[in-house]
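[1] what would the 3D arrangement of this be:
(6 chains)
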Number of protein chains: 4
Amino acid sequence: MISDDQKQKLTEKQKGILSAATELFAEKGYAATSTSEIAKKAGVAEGTIFRHYKTKKELLISVVSPVMVKFLAPVIKRDLNKVLGQEFETFQDFIRAMIENRIEFVKKNLSLIRIVIQELPFHSDLKKQFMEHIGIDVFNQFRQIVKHYQDKGQIIEMYPDTIIRVMGSSIFSYIMARYVFIPEADWNDEEEIERILFILTNGISTNKE
Amino acid sequence: MISDDQKQKLTEKQKGILSAATELFAEKGYAATSTSEIAKKAGVAEGTIFRHYKTKKELLISVVSPVMVKFLAPVIKRDLNKVLGQEFETFQDFIRAMIENRIEFVKKNLSLIRIVIQELPFHSDLKKQFMEHIGIDVFNQFRQIVKHYQDKGQIIEMYPDTIIRVMGSSIFSYIMARYVFIPEADWNDEEEIERILFILTNGISTNKE
Amino acid sequence: MISDDQKQKLTEKQKGILSAATELFAEKGYAATSTSEIAKKAGVAEGTIFRHYKTKKELLISVVSPVMVKFLAPVIKRDLNKVLGQEFETFQDFIRAMIENRIEFVKKNLSLIRIVIQELPFHSDLKKQFMEHIGIDVFNQFRQIVKHYQDKGQIIEMYPDTIIRVMGSSIFSYIMARYVFIPEADWNDEEEIERILFILTNGISTNKE
Amino acid sequence: MISDDQKQKLTEKQKGILSAATELFAEKGYAATSTSEIAKKAGVAEGTIFRHYKTKKELLISVVSPVMVKFLAPVIKRDLNKVLGQEFETFQDFIRAMIENRIEFVKKNLSLIRIVIQELPFHSDLKKQFMEHIGIDVFNQFRQIVKHYQDKGQIIEMYPDTIIRVMGSSIFSYIMARYVFIPEADWNDEEEIERILFILTNGISTNKE
DNA sequence: AATGAATGAGTGTTCATTCAT
DNA sequence: TATGAATGAACACTCATTCAT
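    Residues are numbered from 1 along each chain as shown, chains lettered A, B, ... in the order given. Reported below is the predicted structural model:
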């Protein structure tokens, strides 16, 4: 499913094509999905797809690009003020807010996110675009945020990249496991998130000195 | 590359086919790799592949199954004693040893691991097999280990699954990022691992009381 | 390029379509040219072509018909008087004048002539139309002209059709080789034509008795 | 139809494909012939065509190359001795022999020759190959032959290229008109050839002095 | 009159799989 | 056991043509 505002300028047919492509790519993978299947599911002629997207690859990019941007948008420069402007008292509060916000987004864009995860490794052009234009910005923003809370004395003085990576992967892995890979299991979001945050802030060790 | 003992009972041709398939599946994905490519790379006739593996899918399974088992083998019941038998003094030591051990394995089986990660979501049969026969066993073993160190008073009394997941994802994500997704970057394994372990044991918070 | 008077009653769009079609048919052949290419080159919408020409074939006919008529027009009945009226003293003068006149025409209509030559064999309807309505008239005119100069005692008494064919093919082949097939070579028109005329009138044999 | 010796090393299927392609290309043109038609006519699966010829274009070349070589083979260097070895008393005898020989060839390879004539202009690679590797050799051979008979005093002292072109085009045009373009008409080969030769040797002029 | 989105049959080509040798 | 020619369904993509605007 594609969120509504992404489709504002598209015709009904185009929306149908994008929706069908999204669902099928997510379900079977890009290479294993045929354009004729997409056409059938979208209720259009096969030729219509190629009127709007010159190649199947272009269709993939049209499906995948917006979600890559949107997933990380809140942390990209222009949105930083919004986040930091709210001035969370503790780093924990900041992270909690961010997790909740991103979970909402993932819930709404499950299929798209599956596609990005699956296809990125096989399309070096997509990967490059993602890494260079988005990944680096995001990492830089997080570095500032970490430093912000290190300055406030709330976070240990450790190389920020490692902190980001450990936290990021813990949170990202949870979201992925919870919503993408094992959605059928019985989860209690709030409790889990609190536990993860607790571990990340206090560690699993009992001996504090 | 496939480790030698996996191929003991196979003919030279079969080894060639498995090697070729492994490399190509890892590079381009299962669906985007043709059997004729595999045959060419393996230096056999197209028909020969189908003499040994009834279908292309069966070839995928033959490529993927052993690595799934082997990656998690050290934690599966019959191997548990080996691990716990070494009786690591602290949980940290245990984890450090395990990380180092798995990193060696990943280095040797890069292609295979990429394939598993990429293809598992699209092959519900593989996924089921993996989850039911391997995943559950592994999780159970880890639960015992966590409880073992909780009983020794080294780990906080928290729901073990969350502990396993946070730790597992942190470590797994690092290994993946380091060896599979961004191998081109400049990494210092030892330092990174120590930092990750530090965060996991002590948390990122400064106020310990 | 199409000469201006052929387009007098046509709208600008139609002229554009005919010009574009002419160039593309000449360059790539009728079957290998798509209507969308023609539309693009003509700067009109795809639909516009089919507003003026019911089918692609009809467009070909519209492109090709005028040039077929015009190429042979000077020898068709109604134009004969003009030609013979000038009353060339010798058959050689007549031929020389005709060659020069037709070379001018070919130069101006290169593309169109290529199309006719290439497509005629594959469109039996076009071929029939050409042979019946034009070819026969032309041949008849030439027969009269040959007889005219045979009566004047300038040409040997031989079956006129053979004379026409040998002369026609020599001249036509030269024009084709010169302007259509090998235009890149370095030609000296005047000299070549004189040599051809010399051979045709005197033959290549040295023993005249 | 393809002459038997061209097909000696080919499988039955390949022969069928070449024959079908030849007939269809000749009838409808290369671009207007689909590979599925060829497959149907040849009684093979469509995939079989592409097992033997990587692309449709390669099939065209396989169809067309041998005939281009063979048509002009008798005049190419290594075959020259055979021709001149017969030592024709007069140039006329030489030409007559050559015409008869080439007419036999054309009769046997009608379809192929049509294809060459029609497709050469649209395939600049084929054209180049033909011009450079064959056309030049042939012209050089003919220059020697013309000089040979000029030295014997049988042919006027004129730039050989023009002589070759006028004669060549006259003969070639006759063969084409007779067998390729208007085969349905009623022709008397022997008489026509004698008349053409007479014109070419004596010219059409009556005033011999 | 002109547009261009939409069509669906058709294109050249690739595919996994079979089978006679 | 191993081959590779043969298959025909499926593939991504293009085409001439239609039609609502």
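[2] could you use CA atoms for every contact and neighbour count after this?
    OK.
[3] so which helix or strand takes in the residue nearest the centre of chain A?
    Note on chain A: the residue nearest the mean C-alpha position is A:Phe71, at 3.9 Å, using CA atoms, centre = their mean. Assigned by DSSP states H and E, A:Phe71 falls within helix A:56-72.
[4] and the helices in chain A?
    A:12-28, A:35-42, A:46-52, A:56-72, A:77-85, A:91-108, A:110-119, A:124-130, A:136-151, A:160-175, A:189-202 (DSSP state H).
[5] and of those helices, who's closest to C:Ile155?
    With CA to CA, the closest approach to C:Ile155 among the helices of chain A belongs to helix A:46-52: 64.9 Å.
[6] give me the contact list for the closest one.
    Applying CA atoms under 8 Å, 6 or more residues apart in numbering or on different chains, the contact partners of helix A:46-52 are A:Gln14, A:Ile17, A:Thr35, A:Ser36, A:Ala39, A:Lys40, A:Lys56.
[7] number of nearby residues for the fifth one?
    Residue neighbour count, defined by other CA atoms under 10 Å in any protein chain shown, stands at 19 for A:Ala39.
[8] now do the third one
    One way to gauge burial is a neighbour count; for A:Thr35, by other CA under 10 Å, it gives 19.
[9] do the same with the fourth one
    Using other CA under 10 Å, A:Ser36 has 14 other residues around it.
[10] same question, the second one
    Here the count is done by other CA under 10 Å, and A:Ile17 has 25 residues near it.
[11] residues contacting the closest residue to it other than its chain neighbours?
    Nearest residue to A:Ile17 in three dimensions, chain neighbours excluded: A:Ala42, at 5.2 Å (CA to CA, 6 or more residues apart in numbering or on different chains). The neighbourhood of A:Ala42, defined by CA under 8 Å, 6+ apart, consists of A:Lys13, A:Gly16, A:Ile17, A:Ser19, A:Ala20.
[12] of the contacts of helix A:46-52, closest to DNA strand E?
    Proximity of the contacts of helix A:46-52 to DNA strand E (CA to the nearest atom of the strand) peaks at A:Gln14, which lies at 6.7 Å.
[13] contacting residues for the residue lying closest to A:Lys147 once chain neighbours are set aside?
    Excluding the flanking residues, the one nearest A:Lys147 by CA to CA, 6+ apart is A:Pro160, at 7.4 Å. Residues near A:Pro160 by CA under 8 Å, 6+ apart: A:Arg143, A:Val146, A:Lys147.
[14] coming back round to it: how far away is the residue nearest to A:Ile17 from A:Lys13?
    Using CA to CA, to the nearest Å, we find A:Ala42 at a distance of 8 Å from A:Lys13.
[15] same deal with A:Leu120?
    26 Å.
[16] lowest-pLDDT helix or strand in chain A?
    helix A:77-85 (a mean of 57; mean pLDDT, DSSP states H and E).
[17] need the helices of chain A in a markdown table (columns: distance to C:Gly153).
    As requested, the helices of chain A are exported to a markdown table (distance: least, CA to CA, whole Å):
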| stretch | distance to C:Gly153 |
| --- | --- |
| helix A:12-28 | 79 |
| helix A:35-42 | 76 |
| helix A:46-52 | 70 |
| helix A:56-72 | 75 |
| helix A:77-85 | 98 |
| helix A:91-108 | 98 |
| helix A:110-119 | 87 |
| helix A:124-130 | 81 |
| helix A:136-151 | 95 |
| helix A:160-175 | 104 |
| helix A:189-202 | 112 |
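[18] how far does stretch A:125-142 stretch from start to finish?
    25 Å.
[19] so for it, what gets flagged as buried?
    A:Leu126, A:Lys127, A:Phe130, A:Ile134, A:Gly135, A:Asp137, A:Val138, A:Phe139, A:Gln141, A:Phe142 (16 or more other CA atoms under 10 Å in any protein chain shown).
[20] nearest to chain D, of those?
    Within the buried residues of stretch A:125-142, proximity to chain D (CA to the nearest CA) peaks at A:Leu126, which comes in at 30.9 Å.
[21] thought that closest one was touching A:Leu120?
    Yes - using CA atoms under 8 Å, A:Leu126 is in contact with A:Leu120, at 6.2 Å.
[22] before we move on, the earlier item: who wins for most neighbours among the contacts of A:Pro160?
    In these, the most neighbours by other CA under 10 Å go to A:Val146, 23 neighbours.
[23] quick check: closest non-adjacent residue to that one.
    A:Pro160 (6.4 Å).
[24] go on, A:Leu120?
    A:Lys127 (5.4 Å).
[25] quick check: the one you found touching A:Gln118?
    No - if you go by CA under 8 Å, A:Lys127 and A:Gln118 don't touch, sitting 11.3 Å apart.
[26] and the one residue in chain A that gets nearest to chain C, how far from DNA strand F?
    Closest to chain C within chain A is A:Arg51: 12.3 Å, counting by CA to the nearest CA. A:Arg51 sits 7 Å away from DNA strand F, going by CA to the nearest atom of the strand, to the nearest Å.
[27] count the neighbours of that residue for me.
    Neighbours around A:Arg51, by other CA under 10 Å: 10.
[28] the one 5 residues further on now?
    Applying the criterion other CA under 10 Å, we find 17 residues in the vicinity of A:Lys56.
[29] pLDDT wise, what is it at?
    For A:Lys56, the pLDDT comes out at 96.
[30] not counting its neighbours along the chain, what's nearest it?
    In this structure, A:Lys56 finds its nearest non-sequential neighbour in A:Thr35, 7.2 Å apart by CA to CA, 6+ apart.
[31] ok, the one you found - contacts?
    Residues counted as contacts of A:Thr35 (CA under 8 Å, 6+ apart) are A:Glu46, A:Ile49, A:Lys56.
[32] of those, list those near DNA strand F.
    Among the contacts of A:Thr35, the ones lying near DNA strand F by CA under 7 Å from any atom of the strand are A:Glu46, A:Lys56.
[33] which one of the contacts of A:Thr35 is nearest chain D?
    A:Glu46 (20.7 Å).
[34] what's around the residue nearest to A:Asn202 when sequence neighbours are not counted, how many residues?
    Spatially, and ignoring its direct neighbours in sequence, A:Asn202 is nearest to B:Gly203 (4.0 Å; CA to CA, 6+ apart). When neighbours are counted by other CA under 10 Å, B:Gly203 registers 23.
[35] residues touching B:Gly203, list them.
    A:Ile199, A:Leu200, A:Thr201, A:Asn202, A:Gly203, A:Ile204 are the contacts of B:Gly203 under CA under 8 Å, 6+ apart.
[36] so the second one versus DNA strand F, what's the distance?
    Right, A:Leu200. When A:Leu200 is compared with DNA strand F (using CA to the nearest atom of the strand), they lie 44 Å apart.
[37] that residue reaches A:Met167, doesn't it?
    Yes - A:Leu200 lies in contact with A:Met167 (CA under 8 Å); the separation is 6.9 Å.
[38] residue ranges with poor pLDDT in chain A?
    A:1-8, A:74-86, A:180-185, A:204, A:206-209 (pLDDT under 70).
[39] re the thing from before, now the angle from the helix holding A:Phe71 to helix A:110-119?
    On the basis of axes from the mean of the first three to the mean of the last three CA atoms, to 10 degrees, helix A:56-72 is oriented at 110 degrees to helix A:110-119.
[40] so which elements touch helix A:56-72?
    With contacts taken as 3 or more CA pairs under 8 Å, 6 or more residues apart in numbering or on different chains; DSSP states H and E, helix A:56-72 sits against helix A:12-28, helix A:110-119.
[41] now these in JSON lines, with distance to C:Ser62?
    JSON lines is the format used below for those (distance: least, CA to CA, whole Å):
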{"stretch": "helix A:12-28", "distance to C:Ser62": "37"}
{"stretch": "helix A:110-119", "distance to C:Ser62": "51"}
